[in-house]
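**Q** the sequence isn't on hand, but the structure is:
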């Protein structure tokens with residue numbers, strides 16, 4: 001018998017394949033993933049019209065494909081992915097995304113399906129990642145299935161995934177960050193293994209991608225960072241770990257979660273700036289140096305212009321750091337004798353900051369010690385600390401300031417072009433040039449490169465743009481004054497356009513005539529090269545983007561406040577068919593939305609009860625269960641708080657879709673709460689059976705409501721007026737009927 005048994009074993013060994021792979025298939029995960037893709041991809045080309053912010057992101061895609069620089073307040077990763085899809089699909093970027101509702105051409109010039117595919121794929125992948133998070137955390141498969149299903153059947157997540165938008169990408173990378181963190185924590189006993197390094201790198205990449213799509217991703221990164229800090233604190237208290245091991249962990253975290261994200265973030269912006277190398281419609285938002293580094297536009301205008309500003313130079317002065325680009329400007333109109341508040345003015349010629357290029361933006365730099373306004377041979381260049389006068393090119397009057405309050409901002413002094421009325425108001429028209437970046441660009445005043453302050457000699461006040469707009473008598477241009485506070489960005493200027501003054505043989509020629517001469521090669525050209533390095537462009541673009549995020553102030557009928565998001569009191573009209581009631585309206589599944597809000601309260605109450613009982617030595621949960629439910633509370637409850645509370649501090653226009661990162665955390669907390677109730681609150685089998693039945697009814701209602709509100713997500717058919725009214729469960733839901741808002 002023993003001989004026969006040995007022979008059978010040898011035969012089994014012989015029949016095993018040389019290379020074999022054992023595959024475990026989770027059929028539930030496959031079904032959920034299939035449902036997710038089906039709901040996101042079904043009739044993806046409909047409607048064949050521009051929907052909501054497709055007007056922006058579609059236009060940005062076209063700019064990328066034509067290499068045209070544009071400015072947007074969001075980081076570039078999401079838009080680069082859209083542009084890559086357009087490039088692969090053969091889109092040339094020649095379609096003009098002009099307005100919401102504009103019809104897409106039917107001749108195939110714009111691959112609408114391919115452009116919408118990228119957001120749809122990210123939206124579809126949310127569901128399997130959510131499922132894997134719950135499985136990895138140790139929750140049962142029923143809970144994981146319910147969590148993923150709630151994501152599948154939510155109308156808001158569906159709507160945001162079906163159009164040329166970037167929110168689904170943000171949500172995916174945020175959820176992927178949480179999944180990477182959970183996977184990484186399970187490998188704490190296998191530190192520095194290949195799988196450990198792989199999960200850590202995946203975490204570093206995913207948090208970088210989240211921030212690189214939208215800056216709202218930083219809130220998820222905050223939660224991830226808190227969990228990792230707690231884990232490292234626990235590691236420090238582990239007496240079995242040597243100091244060397246602790247240092248290895250710390251350096252690994254720093255390298256993969258700090259250095260790697262920084263390098264990836266810079267790489268994404270490097271690709272963005274390499275692609276967008278041509279002058280575009282948003283150049284004026286950037287500094288003159290940035291504009292001059294782009295192909296065409298300002299670089300074409302300033303090509304061959306003199307670099308060094310000299311006495312006799314004709315210049316335009318651009319406000320360097322203002323959020324609204326403008327140039328130092330004057331015109332023949334004078335300040336009113338009295339301002340609206342009753343204060344008297346100097347009645348001198350107005351000086352403003354004008355948002356458009358104009359002949360009245362030109363000034364001539366004059367040496368106060370000479371009457372000649374031509375450039376000498378060789379040019380007498382201006383250095384840091386030199387005293388100058390600025391003569392307005394079209395009117396011939398000098399830039400002046402005096403102890404008279406500015407028209408709109410009385411804390412500043414009025415700046416004028418001096419008119420000699422033959423009275424006691426003497427001219428005070430001397431200005432000291434202070435080159436702010438002299439340590440980098442040198443102490444010679446250079447066009448484009450040098451950032452200067454013009455300090456009034458008599459009052460020691462600096463020329464400043466207040467940011468306030470003048471009334472109608474000032475043509476709503478920006479107020480310019482002189483401010484006692486010298487060291488501030490608001491009073492930094494740079495020369496943009498520059499040429500040397502000359503009148504030919506007639507030395508007494510008219511100043512305005514010299515400004516209107518055709519551009520010719522300058523006699524004293526220094527061959528300036530306005531090259532701006534990547535880091536300079538990156539830092540400027542970064543600063544502009546962060547500032548722009550705080551400047552989104554506009555009235556919108558569908559804007560909402562954070563408190564309204566909890567109960568979904570106001571949706572957003574994305575698109576309306578011009579001939580019938582078919583429409584896209586951003587609104588979540590009300591059953592899921594309201595249930596998840598209630599689950600937040602229930603989870604906190606149950607947790608408080610268990611904490612009190614634990615303090616009284618009642619062990620309702622095992623150590624593993626405590627860890628699981630507390631970690632879920634931190635990741636999902638804490639994630640909800642981190643993604644929700646900051647919006648109360650933001651003074652900008654907000655919409656319901658800003659709530660989505662917090663909302664998906666709130667959805668994930670709902671199954672956690674249900675499992676907590678089922679396993680540890682309900683004691684008898686009868687209670688659990690009744691609870692399971694109620695859950696089945698509730699989930700059936702979720703699917704039915706999803707189907708009922710699906711026309712607002714797909715816009716695939718027109719509801720009757722009565723059908724729309726029957727779905728208006730709250731009076732504040734602004735559905736459209738016959739293209740008119742009905743509330």
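**A** That came in fine, so what should we check first? Computed from a predicted structure; not experimentally measured.
**Q** which other helices and strands does the longest helix seen in the chain contact?
**A** The helix that spans the most residues within the chain, counting by DSSP state H, is helix 685-714. Counting by 3 or more C-beta pairs under 8 Å, 6 or more residues apart in numbering; DSSP states H and E, the packing neighbours recorded for helix 685-714 are helix 141-152, helix 155-161, strand 583-586, helix 590-615, helix 660-680. Where you see a C-beta, it was placed from the backbone N, CA and C, and this is true even at glycine.
**Q** mind running it again at 10 Å?
**A** Counting contacts by 3 or more C-beta pairs under 10 Å, 6 or more residues apart in numbering; DSSP states H and E, helix 685-714 is packed against helix 27-41, helix 141-152, helix 155-161, strand 572-576, strand 583-586, helix 590-615, helix 660-680, helix 721-726.
**Q** residues of it that come out buried?
**A** Of all the residues in helix 685-714, those buried under the rule 16 or more other C-beta atoms under 10 Å are 699, 702, 705-706, 709-714.
**Q** what do you get for stretch 247-266?
**A** 249, 253, 256-257, 260-261, 264-265.
**Q** neighbours of residue 135, how many?
**A** Applying other C-beta atoms under 10 Å, we find 19 residues neighbouring residue 135.
**Q** and for residue 129?
**A** 20.
**Q** equivalent analysis for residue 58, please.
**A** Residues lying near residue 58 (other C-beta under 10 Å) number 27.
**Q** wait, it sits on residue 95?
**A** Yes. Using C-beta atoms under 10 Å, residue 58 is in contact with residue 95, at 7.6 Å.
**Q** circling back: which one of the buried residues of helix 685-714 is nearest to residue 157?
**A** Using C-beta to C-beta, residue 713 comes nearest to residue 157 of these, at 9.5 Å.
**Q** distance of residue 599 from residue 567?
**A** 14 Å (C-beta to C-beta, to the nearest Å).
**Q** neighbour count for these two, which is higher?
**A** Legend: neighbour count by other C-beta under 10 Å for residue 599 and residue 567, higher for residue 599 (23 against 13).
**Q** just checking, the more buried one touches residue 675?
**A** No. Checked against C-beta under 10 Å, the pair residue 599 and residue 675 is beyond contact range at 11.2 Å.
**Q** show me the shaky parts of the stretch 501-650 of the chain.
**A** Scanning the stretch 501-650 of the chain for pLDDT under 70 picks out the ranges 502-531, 552-553.
**Q** helices along that one, start to end?
**A** Using DSSP state H, counting those that start in this stretch, the helices of the stretch 501-650 of the chain run over residues 511-515, 534-549, 562-565, 590-615, 623-632, 638-644.
**Q** repeat that for the stretch 101-250 of the chain.
**A** Counting by DSSP H, counting those that start in this stretch, the stretch 101-250 of the chain has helices at residues 112-137, 141-152, 155-161, 167-185, 194-213, 217-236, 243-254.
**Q** so which elements touch the longest one?
**A** Applying 3+ C-beta pairs under 10 Å, 6+ apart, one finds that helix 112-137 makes contact with helix 27-41, helix 54-65, helix 77-88, helix 141-152, helix 155-161, helix 167-185, helix 623-632, helix 660-680.
**Q** could I get the average pLDDT for the fifth one?
**A** Rounded to a whole number, the mean pLDDT of helix 155-161 is 97.
**Q** ok, now the longest one?
**A** Per-residue confidence for helix 660-680 averages out to 96 on the pLDDT scale.
**Q** in it, what's buried?
**A** So, applying 16+ other C-beta under 10 Å, buried residues of helix 660-680: 660-678.
**Q** and if you look at the first one?
**A** By neighbour count, and taking 16+ other C-beta under 10 Å as the criterion, the buried residues in helix 27-41 are 29, 32-33, 35-37, 39-41.
**Q** who's in contact with it?
**A** 26, 113, 116-117, 119-132, 135, 141-142, 144-145, 147-149, 151-155, 157-158, 161-162, 168, 706, 710, 713-714 (C-beta atoms under 10 Å, 6 or more residues apart in numbering).
**Q** give me that answer again for 7 Å
**A** Helix 27-41 is contacted from outside by 120, 123-124, 127-128, 131, 141, 145, 148-149, 152, 158, 161-162, using C-beta atoms under 7 Å, 6 or more residues apart in numbering.
**Q** ditto for the fifth one
**A** Among residues not part of helix 155-161, those counted as contacts by C-beta under 7 Å, 6+ apart are 39-40, 119-120, 123, 126, 151, 167-168, 584, 586-589, 657, 660, 706, 709, 712-713.
**Q** then the second one?
**A** Contact partners of helix 54-65, identified using C-beta under 7 Å, 6+ apart, comprise 50, 70, 72, 79, 82-83, 86-87, 91-93, 95, 97, 99-100, 115, 163-166, 275-276, 280.
**Q** likewise for the fourth one?
**A** Helix 141-152 is contacted by residues 28, 32, 35-36, 39, 126-128, 130-131, 134-135, 157, 592, 667-668, 670-671, 675 when judged by C-beta under 7 Å, 6+ apart.
**Q** picking that back up, tell me which of the helices of the stretch 101-250 of the chain sits most buried.
**A** Mean neighbour count (mean count of other C-beta atoms under 10 Å) peaks for helix 155-161 among the helices of the stretch 101-250 of the chain, with a mean of 27.
**Q** residues touching residue 116, list them.
**A** Residue 116 touches 44, 162-164, counting by C-beta under 7 Å, 6+ apart.
**Q** ok, which pair from these is furthest apart?
**A** Those two in these that are separated most widely, counting by C-beta to C-beta, are 44 and 164, at 10.9 Å.
**Q** counting neighbours, go ahead and name the busier of the two.
**A** The neighbour comparison of residue 44 against residue 164 (other C-beta under 10 Å) goes to residue 164, with 27 against 18.
**Q** pretty sure the more buried one sits against residue 82.
**A** Yes. Between residue 164 and residue 82 there is a contact under C-beta atoms under 7 Å: 6.3 Å.
**Q** which neighbours do these two have in common?
**A** Shared contacts of residue 164 and residue 82, defined by C-beta under 7 Å, 6+ apart, comprise 57, 115.
**Q** any weak-confidence spans in this protein?
**A** Scanning the chain for pLDDT under 70 picks out 1-20, 422-426, 502-531, 552-553, 739-743.
**Q** ok, so what distance separates the closest residue to residue 386 other than its chain neighbours from residue 640?
**A** Closest residue in space to residue 386, ignoring its immediate chain neighbours: residue 433 at 5.2 Å, by C-beta to C-beta, 6 or more residues apart in numbering. Noted for residue 433: a distance of 54 Å to residue 640, by C-beta to C-beta.
**Q** ok, those two, which is more surrounded?
**A** Set side by side, residue 433 and residue 640 show more neighbours around residue 640, with 25 against 20, by other C-beta under 10 Å.
**Q** so what's that one up against?
**A** 662, 665-666, 669.
**Q** quick one: which of the residues you listed is nearest residue 477?
**A** Distance to residue 477, by C-beta to C-beta, is smallest for residue 662 among the contacts of residue 640, at 41.8 Å.
**Q** my guess is the closest one contacts residue 647. True?
**A** No. Counting by C-beta under 7 Å, residue 662 stays clear of residue 647, with 8.5 Å between them.
**Q** could you tell me how many residues sit around residue 566?
**A** By the criterion of other C-beta under 10 Å, residue 566 has 17 neighbours.
**Q** my guess is it contacts residue 596, does it?
**A** No. Between residue 566 and residue 596 there is no contact under C-beta under 7 Å: 9.9 Å.
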